[in-house]
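Novice: Here is my input, please return the structure:
(2 chains)
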Protein chains: 2
Amino acid sequence: MAEQDCIFSKIVKGEIPAQKVYEDEAVLAFLDINPISDGHTLVIPKQKYEKLDECPAEVLGQLASKLGKIAQAVAAATGCDGYNVLCNNGRAAGQLIDYVHFHIIPRNEGDGVFHRWPHFQYPTGKIEEIAAKIRENIK
Amino acid sequence: MAEQDCIFSKIVKGEIPAQKVYEDEAVLAFLDINPISDGHTLVIPKQKYEKLDECPAEVLGQLASKLGKIAQAVAAATGCDGYNVLCNNGRAAGQLIDYVHFHIIPRNEGDGVFHRWPHFQYPTGKIEEIAAKIRENIK
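Specialist: Okay, here's the model as predicted:
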């Protein structure tokens, strides 16, 4: 999506309104208008990158250093029992807007929003094999 | 849970084994032994904090500045179509180990792992009200 058409770029530039909850020189947080729960917040870097692995280390570091502060405020304001911080990358992972964003999703006991994903056990030897492959790919 | 009983503290200290994929002075990444998908990785700060909002800004910043690098390697190694980065805080949000950790979960088209969570629309006036409450709670 071209930057001029991107809804988050427009929010950063003030071209479309958003319920902002935090803003500094590098980071913007605002409420999701299609929330999963009350207080569902999105946190983005003001500079656009499509995916997390495309973000420079300093941009991610700057953003994440504010995540705790924002999550604390979301939790205090909503009185939730817990919260998920989620960043989806790629359509296969549920990313809908090609602008890296972290969801803060307030959660309450028994809300049924998040069902435990099915997990499994690796067959013998598989975990070592995958770990080695990941290590080889660290740049 | 006391720190001496915490499985992640033991992994950091090398008291129990783990398939490590990245390590530096502040951050450790290793494979989840009960994965949701092949290459499911956990990223933790070496210093223990229970929840994201308890992490000092610099600890979170340091950790997140490595998330892109690690996610890129996980994606390259597994050949996945996308990935979720997820940090659960509190039992209500699915946190099982009281040591802050980010999941990197490789995803593939149609894997059925992640179902879209049900979202809704705020009734009139509600979004402004919640945003104001969150802003008041930013410290």
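Novice: Give me the longest helix you can find in chain A.
Specialist: Across chain A, the longest stretch assigned as helix under DSSP state H is helix A:57-78.
Novice: count of neighbours near residue A:87?
Specialist: 26 (other CB atoms under 10 Å in any protein chain shown). From N, CA and C alone the C-beta is placed, and that goes for glycine too.
Novice: is it true that it lies in a strand?
Specialist: Yes. Counting by DSSP: H, G, I helix; E, B strand; the rest coil, residue A:87 is located in a strand.
Novice: Excluding chain neighbours, what is closest to it?
Specialist: residue B:85 (4.2 Å; CB to CB, 6 or more residues apart in numbering or on different chains).
Novice: so how many other residues sit close to the one you found?
Specialist: 25.
Novice: Just grab the bridge partners of it for me.
Specialist: Here residue B:85 sits in beta bridges with residue A:87, residue B:104, going by DSSP bridges.
Novice: what sits against it?
Specialist: A:52, A:86, A:87, A:89, B:67, B:71, B:102, B:103, B:104, B:105 (CB atoms under 8 Å, 6 or more residues apart in numbering or on different chains).
Novice: and if you look at residue A:61?
Specialist: Taking CB under 8 Å, 6+ apart as the test, what residue A:61 contacts is B:61, B:62, B:64, B:65.
Novice: any chance of those in CSV, with pLDDT too?
Specialist: Listed next are the contacts of residue A:61 as CSV, based on pLDDT from 0 to 100:
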residue, pLDDT
B:61, 91
B:62, 92
B:64, 92
B:65, 90
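Novice: Between which two of those is the distance greatest?
Specialist: For those, with distances taken as CB to CB, the pair at the greatest spread is B:62 and B:64 (7.6 Å).
Novice: neighbour-wise, which of the two wins?
Specialist: residue B:64 (26 against 22).
Novice: who's in contact with the more buried one?
Specialist: Counted by CB under 8 Å, 6+ apart, residue B:64 has contacts A:60, A:61, A:63, A:64, A:65, A:67.
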